[in-house]
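**Student:** sequence-free structure coming up:
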């Protein structure tokens, strides 16, 4: 068993492309589910909006790539209205039912033969990321180590600063928990200290991770988007607007009795979260240069939901760290089980019972773990790893 | 034992029980027959071949046992895995070809292959269609056929949704794992019927009871403890999503991703009743479904238990104060819901084959059905489910492609919520 | 007693002095007029009010046995429920079919029988939520703190003043969930005042409040009248009804069966009949 392989895969999954676009989708879902209590089970549909927005500009409209972003946002707004208008006046689970149905219908439509001329049927749309790739400052086939000590010029300092910044964000989140145990340590010192520890962990983690120029470009753009959206949502949630959302999550009628148009706020939250998720779809498709309808199944929504709950809903840090951990755990399980199968000669048996007969079962075991994780989190730790149990109020109604 | 440990233990036990019951070693399928259906059309004087999706095909071996059946995908392909080269008969159901097309004379609907034909492990059988020159069925005939198919689908959806709606009515839980309860029925039936060779008419009652027990275990192991701990409905809903992921992938892990038919009643010649073609099997399942559903409706209307269930749905506190043991009622509802879902799974499996997604694919139609009928009302689920099934099938006659036949169900769902969110039989107070 | 009356109380008393004590009687200056409001639940008529008016600047009590339809009537008036038939107007403006938040924006703010303090938000956040016309409640403006910071400071100052008046200032930064039942009632009432209402609708303000707090709650409600607000409240506590209300409306089985000053009501045979039908009859007779 090759443990260094396992750890390397886990660590690179932390900052990988998957964690990145899940984080964007989770930030969006957090606005809807975490802060407002809206059960949006159609996040995959919003992501498909972005992916097909980009794809269709190239494939069908044949206009500039940049229009794709606007078209994707436009799709997301329309989708939000379709989901929200019939349901947002009703009890929470109607939204869940309609969103899951709408997202599924979108997938059926885009993969249908009938609409193939517009959206490419089940093959999807391919090779449309040329403009995006041209923007990359990196050499596409080059190798870029993540470690700050292997880079040249000003880059190491920028990277160290970035790691410190991420470390401090993580530090603030951890100190929220730890701080209560050490009341004598001042808040700032505690955050600073844990932040530095996190930075060291990040540096250690980065030592052996290496990206190709192409994925580094995606990772750069993607995590920049994560940062932008995090600040965006953070600003919103400390504004009076955010206060109304949190109040709606807890008790709609109370908010209504104070003269706020609850329906309109819910709609705004649904659409804003959906537009953010649209960017997740864009990043996902542009990175592959293709959009495939079956990537946007309802499972995707559920995995994003699990990732968010893992990190802690109604927390900015939760929506970023959650997806990182989610993909870290998945990558760990994947490589670990694969190594296990390899070192056992193709199948794994426990007490004479065949656990893994062929390698494709590894993926299914992985996803069973996801389901189990979601159940256990909701039951034993609904606030996630970083959430505050007192404030966590999933049970608006 | 504390509540928490009991809960975990119950979940683990459930898992082991499932693991044990579905233990069939997945075997690698090397030999396959690939069936391709293509439409020949003339475009600018050149002949082009366009794949035809949604055509029913099946493969049987020399003894008449069905090896695989299904519909072609949007590449016009359906692949059947086989134990090895041998003599097989491939049949294409011509009634499922798109309107106005027919098979060319060179490629008849029924084809024989011999072991020698397998030069490699993978054999491709081509069907070509062209413009039909034979008379097509009249619209009324097609309507009759579609209505019959729709009624059968509607009965299955109605049967599966009763539990979903009753569970919602009595506990408030919108159970997103209900589709997996249907799949459970289908897969356990497969285990009995195909893996162990038990005749289906003997196995079915056992499967139904197991389905009921499965529902009971889900309640006792997961949702009951959550209710007692006062965990909110939204959290419970998310737990049911997790359960759905877990179960679906477990089924995938044990069963593999392919859709496989049950062994019994698979090869039947259709009866012709007026304009309608229906196999004796489909006819029987439809009649049985109808009988079961009428029985359920009567039981809810007439029996003490049914009245108590409605009382708990209407007002749990009031029901408790009149001496009804609402926890007991909820357990019974889970049992009945699970049993009906399992039966729905068997019938659906006979119809379309069993696979790990069979229930989840129906879930959306079930939701549409119970919303139309009125969330929480068992009658509503019966009526709404039936209408939705009928509607999606009949819609295909009016220009909705078969691959998009779920879309009208969504339209129904959205319209109901806009116009009358309480559904046909629900009450206004429930929805807001 | 008469000497203690504040000008507002005296005015309300004077305005209602000559009103005929009968159901649906005309008031001198009604702020709220309801006509033929009816609501049925599956065949049972919960509310069927022919006509009623509420005098501006008065404290009006709505009483009646359990199940008389008081809270349902409240819900209908404030837009939280839709009637099967009927019209009503507030300050001359028709309220028919108006959504709850729009009714609130017109200045008709209600509280709830089971308090709806947002338990997972702090007391001061609860208060700030109550303020209307906040610039930062539009998301695109919420993004830029400089657009709403100043207004927020003003709102916070007003919230602090109200908290001090309702003696909740020591709980300012606690979660509202840590408050006692009575404190939650106070919080809900003061949060309603943040919206600067013209009319305050209190649904059982005394339910679950300990006796020590009841007296100060009484004073607060009288204070609302002194500030020019109209108060309509549902209550079971007959001491309180008698103590603070200028006018009493009695409902039974969905209909209004009597109206009058507290003294007139306590001698009204129809009221005693209605109450004798229920177990509360005895206590009402003792109370009045």
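**Tutor:** Structure received. Just so we're clear, the structure is a prediction, and the values are computed from it rather than from any experiment.

**Student:** Just list the residues touching the nearest residue to residue B:96 once chain neighbours are set aside, thanks.
**Tutor:** In space, residue B:96 comes closest to residue B:56 once its chain neighbours are excluded; the distance is 4.4 Å by Cβ to Cβ, 6 or more residues apart in numbering or on different chains. For the C-beta atoms, the positions are set from N, CA and C on the backbone; glycine is no exception. Counting by Cβ atoms under 8 Å, 6 or more residues apart in numbering or on different chains, residue B:56 touches B:69-71, B:92-93, B:96.

**Student:** Is residue B:56 bridged to anything, and to what?
**Tutor:** residue B:71 (DSSP bridges).

**Student:** How much space separates it from chain A?
**Tutor:** Plainly put, residue B:56 is 17 Å away from chain A if you go by Cβ to the nearest Cβ, to the nearest Å.

**Student:** Check what contacts stretch A:7-19 and list those residues.
**Tutor:** The contact list for stretch A:7-19 (Cβ under 8 Å, 6+ apart) reads A:146, A:205-206, A:208-209, A:215, A:218-219, A:222-223, A:283-284, A:287, A:323-328, A:330-332, A:334-335.

**Student:** Of those, which are in range of chain B?
**Tutor:** Among these, no residue lies close to chain B (Cβ under 8 Å from any Cβ of the partner chain).

**Student:** list the buried ones in stretch B:49-61?
**Tutor:** By 16 or more other Cβ atoms under 10 Å in any protein chain shown, the buried positions in stretch B:49-61 come out as B:51-60.

**Student:** pLDDT for these - can I get that in a markdown table?
**Tutor:** Shown next, in a markdown table, are those (pLDDT from 0 to 100):
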| residue | pLDDT |
| --- | --- |
| B:51 | 81 |
| B:52 | 83 |
| B:53 | 81 |
| B:54 | 81 |
| B:55 | 84 |
| B:56 | 83 |
| B:57 | 85 |
| B:58 | 83 |
| B:59 | 85 |
| B:60 | 80 |
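
**Student:** Sitting in strands, which of the residues you listed do you find?
**Tutor:** Per DSSP state E, strands hold the following members of the buried residues of stretch B:49-61: B:51, B:56-60.

**Student:** So which residues of chain B form strands?
**Tutor:** Using DSSP E, strands in chain B cover B:31-43, B:46-51, B:56-61, B:66-71, B:77-82, B:88-92, B:101-103, B:110-113, B:122-131, B:271-273, B:276-278.

**Student:** Need the ones you listed in JSON lines (columns: distance to residue A:163).
**Tutor:** JSON lines is the format used below for the strands of chain B (distance: least, Cβ to Cβ, whole Å):
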{"stretch": "strand B:31-43", "distance to residue A:163": "52"}
{"stretch": "strand B:46-51", "distance to residue A:163": "52"}
{"stretch": "strand B:56-61", "distance to residue A:163": "58"}
{"stretch": "strand B:66-71", "distance to residue A:163": "53"}
{"stretch": "strand B:77-82", "distance to residue A:163": "50"}
{"stretch": "strand B:88-92", "distance to residue A:163": "62"}
{"stretch": "strand B:101-103", "distance to residue A:163": "63"}
{"stretch": "strand B:110-113", "distance to residue A:163": "63"}
{"stretch": "strand B:122-131", "distance to residue A:163": "52"}
{"stretch": "strand B:271-273", "distance to residue A:163": "73"}
{"stretch": "strand B:276-278", "distance to residue A:163": "68"}
